[in-house]
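Q: Let's see this in three dimensions:
(4 chains)
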4 protein chains.
Amino acid sequence: MGRLERSALTKFREGGHAWWETAISDVHPGKIILRGEPIEHLIETASYASVVGLLVGNLRLSLVQARLLEAALVAGVDHGVRAPSIAAARMAATCGIPLNCAVATGINLLGDDHGGAGEQCMELLYETATAAAGDAKSLGAAAEKIVAARLGAGQKMPGFGHQLHKERDPRRASMLRLIDEAIAAGEIDGSFARAALALEAALARAKGPTLGMNVDGVTAIVYCELGLPPAAAKGLFCLSRGVGIVAHALEEMRSGARIKGPLPSGDGVKYIGPPEKR
Amino acid sequence: MGRLERSALTKFREGGHAWWETAISDVHPGKIILRGEPIEHLIETASYASVVGLLVGNLRLSLVQARLLEAALVAGVDHGVRAPSIAAARMAATCGIPLNCAVATGINLLGDDHGGAGEQCMELLYETATAAAGDAKSLGAAAEKIVAARLGAGQKMPGFGHQLHKERDPRRASMLRLIDEAIAAGEIDGSFARAALALEAALARAKGPTLGMNVDGVTAIVYCELGLPPAAAKGLFCLSRGVGIVAHALEEMRSGARIKGPLPSGDGVKYIGPPEKR
Amino acid sequence: MGRLERSALTKFREGGHAWWETAISDVHPGKIILRGEPIEHLIETASYASVVGLLVGNLRLSLVQARLLEAALVAGVDHGVRAPSIAAARMAATCGIPLNCAVATGINLLGDDHGGAGEQCMELLYETATAAAGDAKSLGAAAEKIVAARLGAGQKMPGFGHQLHKERDPRRASMLRLIDEAIAAGEIDGSFARAALALEAALARAKGPTLGMNVDGVTAIVYCELGLPPAAAKGLFCLSRGVGIVAHALEEMRSGARIKGPLPSGDGVKYIGPPEKR
Amino acid sequence: MGRLERSALTKFREGGHAWWETAISDVHPGKIILRGEPIEHLIETASYASVVGLLVGNLRLSLVQARLLEAALVAGVDHGVRAPSIAAARMAATCGIPLNCAVATGINLLGDDHGGAGEQCMELLYETATAAAGDAKSLGAAAEKIVAARLGAGQKMPGFGHQLHKERDPRRASMLRLIDEAIAAGEIDGSFARAALALEAALARAKGPTLGMNVDGVTAIVYCELGLPPAAAKGLFCLSRGVGIVAHALEEMRSGARIKGPLPSGDGVKYIGPPEKR
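A: Residues are numbered from 1 along each chain as shown, chains lettered A, B, ... in the order given. This is a model prediction of the structure:
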């Protein structure tokens, strides 16, 4: 519980702060300023991804950097109707609530175990890169040690391995190609890409080749390279998978079916409680 | 209630359908296909906005069209901490729930009265364009008639006028400039831009110049020009204002303040119920 | 859109109101007053249902009336794991979000088509009772006319008929028995019970006996007899079905399974979009 | 991540389980069985609190025990409009979404820092009672030790102290009176009441009398005495504070004001970002 040291009220009473303070937006009649940028300027010149970087991360991204962030957002847009977030949003869309509420239902499910691997992988990459301390030679050893410690403790390696895509996550190669290009162009440093590859190699030595980087791993590289904090990852995933959630909820809503549960019939449902009392 | 004619179960029992059907995504080991496009292809070549068009609207947008959609998404990203959606997300972020749940809280508030004007304005633009039937000369008269009918019935004109930006919504001119360029380039037809301008002119004649197009109006033009259905607007706004919601929730969460309500003290709160019973 | 005539800000600027006004609760150091009642008094003497009546409906219920409201809340507590609200809450519970967020997910789905029949049935009962104007003889004719109009327009009769319980909703007889006892004891007037029975009889004549009162119908009688507004029904259903949602979400969460979608495998999922583009 | 050992799919593939399994409810045409009890029986004989005990905790409570659980649910129903959960629900109610979605918004905020103290206090009481091992003489020492350890580590004591009710939480004495009566009647054992009082006394010795039991403390006693698991506490609070959330959301919705943010004007809002770029 150390995360939240003080109540908002205690902090406020210490003085020096307004109740609502933000470095993000300043809005007045005829004016909307976002981190210093007039909205007109953003509308006419900025990509969605660069505005995400600006607002969420306080970043001024170059074109190549913004394109990399955009690719990461695109990579996670959808993974099919069986994902709990998508299915819940579709079910919500049949219950007579507005589309935005169905979308919120889906996003509410992108928690630690459904949408949290990006954040956890970022922490892992920061830890690995810090352990290697910028020394390429020590990177392999650092990765080896971290993998051994995690596996020894029976922990997962967030960002590596995928229940469905056991041989290769189809998003891995494309993202790594874009990442490599950005490194080659000097647009990003590459430390976190190297850290992730070192972890992947250490994992392959320890467990065989089935724990390759998944979508959370390759997008975590991008977010780390751009300097985003791990806590941002879950938010970025909301904007990424949010596209699929909107699309699926709208498709279901427009189908016109009412009150759709997970299954059409009783198959797959089993009561394991006490028998009927008479 | 006419909207949802049949229960999902009744429809399913009529046969010919799987319980979960989608034209959006097909996912198999090593493969993610979105409306026919392999995810690798989208990651390497597609902008976020073009993927939004593809998934949400089943659209294959040109570069200029995708850029227009992107500008519309950028236009609505944030309008300050006093918007209920942003404030609720920030309050949620102080209550010890994951970031995605704080984001979902904000998105849940983008309902008919907070995020619904886009959809309503699209319906208005479709109605106006249909009434004019592609005849430029009849457009002014059609707009005049529609405005008179709405105002006569004491109804609002969604997409026109803004409580704060009384003289001009700062997003209007930039968006219209991009729309004009796209029309000039033959990338969109322009019917809905003309319909919106005709409505704006009719409103100015009836009520003076304070009901110019707002952000919902200029983005509704884009969505209509691209052929999106009105029902999609609320979903697109989730992805647009979602950026601000993520940014604000994250900023509040990282500030470390706990349990933040709307106001620091009792000021502004009034009990109007019966006195204490003794 | 006529429902919400003015923005909160416009209303506030007209003066005479605080921004936050409530007749429900007044809280000061050492004191919590709810509609005039000290919380101590409620804790020691009031049932949950009577506090629901007090806070939600500003009602001071007698013991029998509170017991009737309690029975209505109990009647709707659960209807199995296949209901979208329950299934979505259970899926949410496997995604690594707190229990309250899983519960909120389920409650978010209790919209017009999943939890709205109570409100719609209350409106129907108020309409029927008003049409009969307290005249027992004209009640049958009024019900007949309303049923004919609804069925003629292809509309549903909210509160009557059930997709699963085609012969009899198991909650009907028990609730009617309690309602009858309360009428006999002079605790409620009985007008709305009579209106509901008249509608049921008219429906049986028109469509046969398969559209008996369902749980929404019998609870709507109670809410009308106690003088609650139709708009309250959806809120009461949140507290009623909320019990099942909490129980199911907790059961799923304690099972320890992670990321549970609607179905275990691809069965029941069908892609109907364009083939993979190569 | 240890909490969720296996994916739902992995567990399912090991065999022996249906995808949807529950010991809570079994629903068939004409029949609703809840933990073995026909719904008719519950409607006619069971209080809301006893059904909460049955469904959420698989408990068969006596009348006195159910009354104690009911008092705990009543104790937390509301704490005014400034609580983030209540304010967010009221703001949601002005945004044009259904009442249930406004209620879900409020419940989504009852997270670890807003609605989590009950669960944390239950863990503390279980820890204290276990440390004392049923030996009344060792209880004081155990409490002393636990308090010293927590305070020494700069941690909070969940269930003790209240930001507003500094001298006494008005819910403490009433709840303790009911708890004492239940102990005297042999309906509960009293171990957890004694543990809580021992902790309170140790806290008073360490920090003075301002950290008396709060509502989370006295309700945690009840939940422990009845044998509920700590994980249930957040769910019970949803049903308790849910009453206030429903009442406040409905009051705000019926007021007819549209788009209500936290504050009427710019007062209390401060932009601390970079100046406008020109």
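
Q: Do I have it right that A:Glu167 meets A:Thr210?
A: Yes. At 7.2 Å, A:Glu167 counts as touching A:Thr210 under the criterion of Cβ atoms under 8 Å. Backbone N, C-alpha and C define where each C-beta goes, glycine included.

Q: between those two, which one's more packed in?
A: A:Thr210 (14 against 10; other Cβ atoms under 10 Å in any protein chain shown).

Q: part of a helix, is that one?
A: No. If the criterion is DSSP: H, G, I helix; E, B strand; the rest coil, then A:Thr210 is coil and not within a helix.

Q: got a list of what it touches?
A: A:Gly161, A:Lys166, A:Glu167 (Cβ atoms under 8 Å, 6 or more residues apart in numbering or on different chains).

Q: Now tabulate these in JSON lines and tack on secondary structure.
A: Below are the contacts of A:Thr210 laid out as JSON lines (three-state DSSP):
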{"residue": "A:Gly161", "secondary structure": "coil"}
{"residue": "A:Lys166", "secondary structure": "coil"}
{"residue": "A:Glu167", "secondary structure": "coil"}
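
Q: tell me which element A:Glu21 falls in.
A: Per DSSP states H and E: A:Glu21 is located in strand A:20-22.

Q: just how off-centre is that strand within its chain?
A: Distance of strand A:20-22 from the chain centroid (Cα atoms, centre = their mean, to the nearest Å) equals 25 Å.

Q: Would you mind identifying the next helix or strand past the least confident helix or strand in chain A by mean pLDDT?
A: The weakest-scoring helix or strand in chain A, judged by mean pLDDT, DSSP states H and E, is strand A:6-7 (a mean of 84). Counting by DSSP H and E, the next helix or strand C-terminal to strand A:6-7 is helix A:8-13.

Q: if we can go back for a sec, give me the residues contacting the least confident helix or strand of chain A.
A: B:Gly256, B:Ala257, B:Arg258, B:Ile259, D:Gln163.

Q: Roughly how far does the third one sit from chain C?
A: Counting by Cβ to the nearest Cβ, to the nearest Å, the gap from B:Arg258 to chain C is 15 Å.

Q: related to what we said a few turns ago, residues in contact with the strand holding A:Glu21: which ones?
A: By Cβ under 8 Å, 6+ apart, strand A:20-22 touches B:80-82, B:87, B:90, B:248, B:251, B:255, D:262-263, D:268-273.

Q: Could you single out the nearest of those residues to A:Gly76?
A: Closest approach to A:Gly76 among the contacts of strand A:20-22 (Cβ to Cβ): B:His248, at 21.6 Å.

Q: burial measure for the closest one, as a count.
A: So B:His248, with other Cβ under 10 Å, has 29 neighbours.

Q: what residues are up against it?
A: A:Thr22, A:Ile24, B:Asp78, B:Val81, B:Ile86, B:Ala89, B:Arg90, B:Gly106.

Q: Next, A:Asp26: phi, psi?
A: Backbone geometry at A:Asp26, expressed as degrees, to the nearest 10, gives phi -130, psi 120.

Q: low pLDDT regions in the stretch 151-278 of chain A?
A: By pLDDT under 70, the low-scoring segments of the stretch 151-278 of chain A are A:266.

Q: Residue in it with the shortest distance to chain C?
A: Closest to chain C within the stretch 151-278 of chain A is A:Pro262: 3.3 Å, counting by Cβ to the nearest Cβ.

Q: tell me the SS of that residue?
A: Here A:Pro262 is recorded as coil under three-state DSSP.

Q: What residue, apart from its backbone neighbours, is nearest it spatially?
A: C:Pro262 (3.3 Å; Cβ to Cβ, 6 or more residues apart in numbering or on different chains).

Q: Counting neighbours, what do you get for that neighbour?
A: 28.

Q: for the helix or strand containing A:Ala104, the distance to its chain's centre please.
A: Assigned by DSSP H and E, A:Ala104 belongs to helix A:99-108. With Cα atoms, centre = their mean as the basis, helix A:99-108 stands 17 Å off its chain's centre.
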